[in-house]
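>>> following is a predicted model, sequence given first.
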Amino acid sequence: MKILDIFISPGAAVKLQINDILQMNEQTRHYGLLLSETEARELIESRNRAILEQGRVELGIDSLKKIITVFSSSAYINSSDYAPLLNELVEIFYFMKSETHDRISDDELINIMKELFDGPSRGSVELLKHRDLPLWSKSVRVRR
């Protein structure tokens, strides 16, 4: 989303965001992962809900696009669970941004999430969310 996009209607902004997400299919097609327009809309809605729940403000969808880019290469993601998994990862991302008090950049957090997801979590969102990220975030709070 560009700075001038804040002057358009919310409905038009969502359509632009959905189109941005659908363009990501060109990148993820290589892994057999594609989002439909409905799934892209649901992903935007999950993002917006997570931002509201965490009391955050975010104008663009760059973090969402980065999550798609980084996680699409995971061997643990297949086409049948791709969209629901992205929705969960987005919620986890915004929760962790708040949990770490923004002490870590978006890119670094997304890369850590992917490393843990592919490593000790072995593709389990539940382990990532309830075991591996809490252990990691505790170490971040202690270090900084």
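Received it, and whenever you're ready, just let me know what you need.

>>> and the residue nearest to the spatial centre of the chain, what's its pLDDT?
Most central in the chain under C-alpha atoms, centre = their mean is V90, positioned 3.4 Å from the mean C-alpha point. With respect to pLDDT, V90 scores 97.

>>> tell me the contacts of it?
Contacts for V90 (C-beta atoms under 8 Å, 6 or more residues apart in numbering) come out as L43, S46, R47, A50, L64, I67. In short, each C-beta sits where N, CA and C put it, glycine included.

>>> turn these into CSV, including secondary structure, pLDDT and neighbour count.
Conversion of the contacts of V90 to CSV gives the following (DSSP: H, G, I helix; E, B strand; the rest coil; pLDDT from 0 to 100; neighbours: other C-beta atoms under 10 Å):
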residue, secondary structure, pLDDT, neighbour count
L43, helix, 97, 25
S46, helix, 95, 20
R47, helix, 95, 23
A50, helix, 94, 21
L64, helix, 97, 25
I67, helix, 98, 23
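
>>> mind saving the C-alpha coords of whichever helix or strand F95 is part of as CSV?
Element membership of F95, judged by DSSP states H and E, is helix 82-99. Presented in CSV, the C-alpha positions along helix 82-99 are these (Å, rounded to 0.1, in the frame of the first residue of the first chain):
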residue,chain,number,x,y,z
TYR,A,82,-1.8,-23.3,3.4
ALA,A,83,-4.5,-20.7,3.9
PRO,A,84,-5.5,-21.7,7.4
LEU,A,85,-1.9,-21.9,8.4
LEU,A,86,-1.1,-18.4,7.1
ASN,A,87,-4.1,-17.1,9.2
GLU,A,88,-2.7,-18.7,12.3
LEU,A,89,0.9,-17.4,11.6
VAL,A,90,-0.4,-13.9,11.1
GLU,A,91,-2.2,-14.0,14.5
ILE,A,92,1.0,-15.4,16.2
PHE,A,93,3.1,-12.8,14.5
TYR,A,94,1.1,-9.8,15.9
PHE,A,95,0.8,-11.5,19.3
MET,A,96,4.6,-11.9,19.4
LYS,A,97,5.3,-8.3,18.3
SER,A,98,3.3,-7.2,21.3
GLU,A,99,4.8,-9.9,23.6
